[in-house]
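Participant: Have a look; sequence and predicted model below, questions after that.
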Amino acid sequence: MSHNTFGHLFRVTTFGESHGKALGCVVDGCPPMIPLEEADIQGFLDKRRPGQSRFTTQRQEPDAVKILSGVFIDEASGKQVTTGTPIALMIENVDQRSKDYSDIKDKFRPGHADFTYEAKYGIRDYRGGGRSSARETAARVAAGAIARKVVAGVCVRGALVQVGPHKIDRSRWDWDEVDRNPFFCPDPVAAQEWEKYLDGIRKAGSSIGAVIEIVAENVPAGWGAPIYAKLDSEIAGALMTINAVKGVEIGAGFASAELTGEENADELRMGNDGKPLFLSNNAGGILGGISTGQPVVARFAVKPTSSILTPRRTIDRAGHEADILTKGRHDPCVGIRAVPVGEAMVACVLADQFMRHRGQVG
Ligand SMILES: Cc1cc2nc3c(=O)[nH]c(=O)nc-3n(C[C@H](O)[C@H](O)[C@H](O)COP(=O)(O)O)c2cc1C
């Protein structure tokens, strides 16, 4: 039994633990002749990398990726390209401080997977959460960089749109702003407000949840499939596999419950370019599980970091009640670093759906 793989034709298997020697993934099914260098992947890993600001964990991991297989120099172009064989990617762990976790090896950290891994497997690598650690998401980001190349015309971008109760003002949305602040926030005013707010959270040793929005533009109409392979169901499933994600919505999402039929259904006109023009996008670019050609829009809610500096009540492996304090290095808001991870998961789903669409209808 194996549950470390996702995707059908563009298939990703990840491996590794937080404090093991390395983590990585095998991307199987990637088409041949796609130019691919480590630098193409590294840029995306650098966005997810810890220790880049005071608002993310200070664990210092270079997250340097190595391509172990599946590429070769194309004689015609002189470029390194994919060969159609499995692409293995490896990222070494260099800043593991297992001693930070040694005093919690017998206690279950509330909000973490300690209790459930123990209940299921009877053994767990307690160092940094082992396999349940979000270090694993580095491998997804690496796979996502390859997926982007498979669907090169598609632009997948993400942004943090809410931190705790503080939402962005959508009228100020500026994609260029996302790279200018440490939060991937598209609203410059909100980014400034969040700085103060998150400093307070961090100094109190506390944490807070967040909402991330992923937008995929230039997805042509027709990707996805009805019923059991709906594009929205696969995006929702993929986002839900990210650590700490507790809610996913597509388009208007839960807000559509408050809309009337007149308000919600996206009306159609013919555009000046002779193509169908939707007058709104409450559907988030997906109807009947198939892309409409409008931007695909998904949002996901990330819970607050469970490891906080306040003692919490728990039990130990022997069933004794205890208090626990997690002293490791942690993010006050894990939603920040979840942005590139969400982008990668949506890119992987789109690459997979593109290949399946091509497989069925040419
Ligand atoms: C990018 C990212 C980084 C994370 N870092 C931490 C962290 O430093 N401390 C923590 O308590 N949880 C962190 N988490 C969340 C935990 O991995 C997660 O809550 C835990 O494994 C339990 O799984 P679940 O929340 O999905 O049920 C992170 C999540 C993401 C997406």
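Facilitator: Here it is on my side, so go on.
Participant: Return the distance of Met270 relative to the ligand.
Facilitator: Here Met270 is placed at a distance of 42 Å from the ligand (Cβ to the nearest ligand atom, to the nearest Å). Quick note: C-beta positions are derived from backbone N, CA and C, even for glycine.
Participant: contacting residues around that residue?
Facilitator: Pro276, Leu277 (Cβ atoms under 8 Å, 6 or more residues apart in numbering).
Participant: ok, Ala152 - how many residues close by?
Facilitator: 10 (other Cβ atoms under 10 Å).
Participant: residues from the protein in reach of the ligand?
Facilitator: Contact residues, the chain versus the ligand (Cβ under 6 Å from any ligand atom): 57, 112-113, 129, 132-134, 137, 242-244, 303, 305-307, 330-331, 334, 337-338, 341.
Participant: In this structure, what residue spans correspond to helices?
Facilitator: Assigned by DSSP state H, the chain shows helices spanning 38-48, 114-121, 137-150, 188-203, 231-240, 261-264, 338-361.
Participant: Ranking these by mean neighbour count, which comes first?
Facilitator: Neighbour counts (mean count of other Cβ atoms under 10 Å) averaged over each of the helices of the chain peak at helix 137-150, with a mean of 26.
Participant: Now for the nearest residue to Ile73 once chain neighbours are set aside, how many residues are close by?
Facilitator: Among residues not flanking Ile73 along the chain, Gln80 sits closest, at 5.7 Å (Cβ to Cβ, 6 or more residues apart in numbering). Using other Cβ under 10 Å, Gln80 has 17 neighbouring residues.
Participant: same question, the one 5 residues further on
Facilitator: The number of residues packed near Thr85 is 14, by other Cβ under 10 Å.
Participant: Pull the contacting residues for it.
Facilitator: Ser69, Gly70.
Participant: The same query, at a cut-off of 10 Å, please.
Facilitator: Asp28, Gly29, Cys30, Pro32, Ser69, Gly70, Val71, Phe72 (Cβ atoms under 10 Å, 6 or more residues apart in numbering).
Participant: And it, what's its pLDDT?
Facilitator: Here, the pLDDT recorded for Thr85 equals 98.
Participant: repeat for Gly362
Facilitator: pLDDT, Gly362: 87.
Participant: Fine by me, we can end here.
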